[in-house]
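In: Test case, fold it:
(2 chains)
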2 protein chains.
Amino acid sequence: MNSYSSKLVENAVNELSRLPGIGKKTALRLALHLLKKEKVVAESLGNAIIKMRDEIMFCSECFNISDSEVCEICANPKRNKETICIVEDIRDVMAIENTGQYTGVYHILGGIISPMDGIGPNDLNIDSLINRVSNGNIKEVIMALSTTIEGDTTNFYIYKKLKDLNVEITTIARGVAIGDELEYADEVTLGRSILNRTPYESTLSN
Amino acid sequence: MNSYSSKLVENAVNELSRLPGIGKKTALRLALHLLKKEKVVAESLGNAIIKMRDEIMFCSECFNISDSEVCEICANPKRNKETICIVEDIRDVMAIENTGQYTGVYHILGGIISPMDGIGPNDLNIDSLINRVSNGNIKEVIMALSTTIEGDTTNFYIYKKLKDLNVEITTIARGVAIGDELEYADEVTLGRSILNRTPYESTLSN
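Out: Sure thing, here's the model as predicted:
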């Protein structure tokens, strides 16, 4: 026999323990929790996961997650389409939206350049960003990547690609402590760092 | 708009964050992980959870989880049916099975008596235990509950119910440190504590 007494449980534990940060013991705890609850709890959870993955779309403009072809932010006529804020992933969009300080649109890279993890510029949504800036009526690009070595590298790569395209390139103010992940910054600091963004070139001399 | 940009993601995050120990931030991290992976990953996970909850059975003898009406342990002709080991939940069965030191069968209470959590004797599989001992040819009952106040209370309650039924009542040796959860004990200690079990009455004078 397997040590779980049940192939059904063993299978669920194996699947759950594939999630990041969830080991076999935690997975078993979650599985037993679901066994104790009504069937509808497990059904809602399972179906929500499947439905999300099956039906999710990525905005054709900014690569934000979306329930339709263009995300709610890009489709909103009140947003300023002349300003693009470049972020690493969707959690950063949520963090900036929560500050209520930003009225432009976004461009989600889907990661940052990280040779250690085998992520190069071609793995990110950078070409589409160049196209957006080349074709559209973009006045300003705000770089809002995490202030890590990888973030700085990515900033500099994008800066080199954009600097001849007649667009203002800024970065959010470094009110966010160096080395901190963007998503964990408090809303006041993050909001202020958007308002106090500085020309990217002025940060190069530091 | 909701801060998740997507009702699909919001729904999945809400469902995931209902799991014990998983908050909104972790739930979002898990959801985004699933969005990055192939569809089949989310489908396997979702279906494994639903299928487990839909099809799981509880052994009619010992209340262990099972894929059939009688669990693999109770159905095994090599197990000694005259010895019943009483445990709190299924994780304890797995922990004891992993020691390889026990050849009897189990009885899973489904919890321990805990007035603080509103769990009384009637919420546990205690009546069925009494019936098993009264009707069957049971020679020994081993109490293997966690060594906490609640565990001691439950031990004593069961002892009082069983003491006139002509069955030997033992507890696992307290080689497991007082206050420790059973499932985290190392296999050697736990295995030895099963071998060195002592008459329950001898522990009352301590």
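
In: Please identify the helix or strand for A:Thr170.
Out: In this structure, A:Thr170 is located in strand A:168-171 according to DSSP states H and E.

In: State the mean pLDDT of that strand.
Out: For strand A:168-171, the mean per-residue pLDDT is 89.

In: just the strands in chain A please.
Out: For chain A, the strands defined by DSSP state E cover A:57-58, A:65-66, A:80-87, A:104-108, A:140-143, A:168-171, A:198-199.

In: Dump those to JSON lines, plus distance to chain B.
Out: All C-beta atoms are positioned from the backbone trio N, CA, C, and that covers glycine. As requested, these are exported to JSON lines (distance: least, C-beta to the nearest C-beta, whole Å):
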{"stretch": "strand A:57-58", "distance to chain B": "8"}
{"stretch": "strand A:65-66", "distance to chain B": "5"}
{"stretch": "strand A:80-87", "distance to chain B": "12"}
{"stretch": "strand A:104-108", "distance to chain B": "10"}
{"stretch": "strand A:140-143", "distance to chain B": "18"}
{"stretch": "strand A:168-171", "distance to chain B": "23"}
{"stretch": "strand A:198-199", "distance to chain B": "27"}
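
In: Now do the contacts for the spatially most central residue of chain A.
Out: For chain A, the residue sitting closest to the mean C-alpha position, by C-alpha atoms, centre = their mean, is A:Asp89 at 1.2 Å. Shown in contact with A:Asp89 (C-beta atoms under 8 Å, 6 or more residues apart in numbering or on different chains): A:Ile108, A:Leu109, A:Gly110, A:Gly111, B:Leu32.

In: rerun at 10 Å
Out: A:63-65, A:108-112, A:182-183, B:32, B:35-36 (C-beta atoms under 10 Å, 6 or more residues apart in numbering or on different chains).

In: Then A:Asn131?
Out: Counting by C-beta under 10 Å, 6+ apart, A:Asn131 has no contacts.

In: how near is it to A:Ile169?
Out: Distance from A:Asn131 to A:Ile169, counting by C-beta to C-beta, to the nearest Å: 16 Å.

In: Restricting to C-alpha, output the longest helix seen in chain A in CSV.
Out: Counting by DSSP state H, the longest helix found in chain A is helix A:39-55. Extracted C-alpha coordinates of helix A:39-55, given in CSV (Å, rounded to 0.1, in the frame of the first residue of the first chain):
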residue,chain,number,x,y,z
LYS,A,39,-17.8,18.7,-1.3
VAL,A,40,-18.8,22.1,-2.7
VAL,A,41,-15.6,23.6,-1.2
ALA,A,42,-13.3,21.3,-3.1
GLU,A,43,-15.5,21.7,-6.2
SER,A,44,-15.4,25.5,-6.1
LEU,A,45,-11.7,25.5,-5.6
GLY,A,46,-10.9,23.0,-8.3
ASN,A,47,-13.3,24.6,-10.8
ALA,A,48,-12.0,28.2,-10.1
ILE,A,49,-8.4,27.0,-10.8
ILE,A,50,-9.4,25.2,-14.0
LYS,A,51,-11.7,28.0,-15.3
MET,A,52,-9.1,30.7,-14.6
ARG,A,53,-6.4,28.9,-16.5
ASP,A,54,-8.7,28.0,-19.4
GLU,A,55,-10.3,31.3,-19.9
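
In: Any buried residues in that helix, and which?
Out: A:Val41, A:Ala42, A:Glu43, A:Ser44, A:Leu45, A:Gly46, A:Asn47, A:Ala48, A:Ile49, A:Ile50, A:Met52, A:Arg53 (16 or more other C-beta atoms under 10 Å in any protein chain shown).

In: For those, please prepare JSON lines with the additional fields pLDDT and distance to chain B.
Out: Formatted as JSON lines, the buried residues of helix A:39-55 follow (pLDDT from 0 to 100; distance: C-beta to the nearest C-beta, whole Å):
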{"residue": "A:Val41", "pLDDT": "95", "distance to chain B": "7"}
{"residue": "A:Ala42", "pLDDT": "95", "distance to chain B": "3"}
{"residue": "A:Glu43", "pLDDT": "96", "distance to chain B": "5"}
{"residue": "A:Ser44", "pLDDT": "96", "distance to chain B": "6"}
{"residue": "A:Leu45", "pLDDT": "96", "distance to chain B": "4"}
{"residue": "A:Gly46", "pLDDT": "96", "distance to chain B": "4"}
{"residue": "A:Asn47", "pLDDT": "96", "distance to chain B": "6"}
{"residue": "A:Ala48", "pLDDT": "96", "distance to chain B": "4"}
{"residue": "A:Ile49", "pLDDT": "96", "distance to chain B": "4"}
{"residue": "A:Ile50", "pLDDT": "96", "distance to chain B": "4"}
{"residue": "A:Met52", "pLDDT": "94", "distance to chain B": "4"}
{"residue": "A:Arg53", "pLDDT": "94", "distance to chain B": "3"}
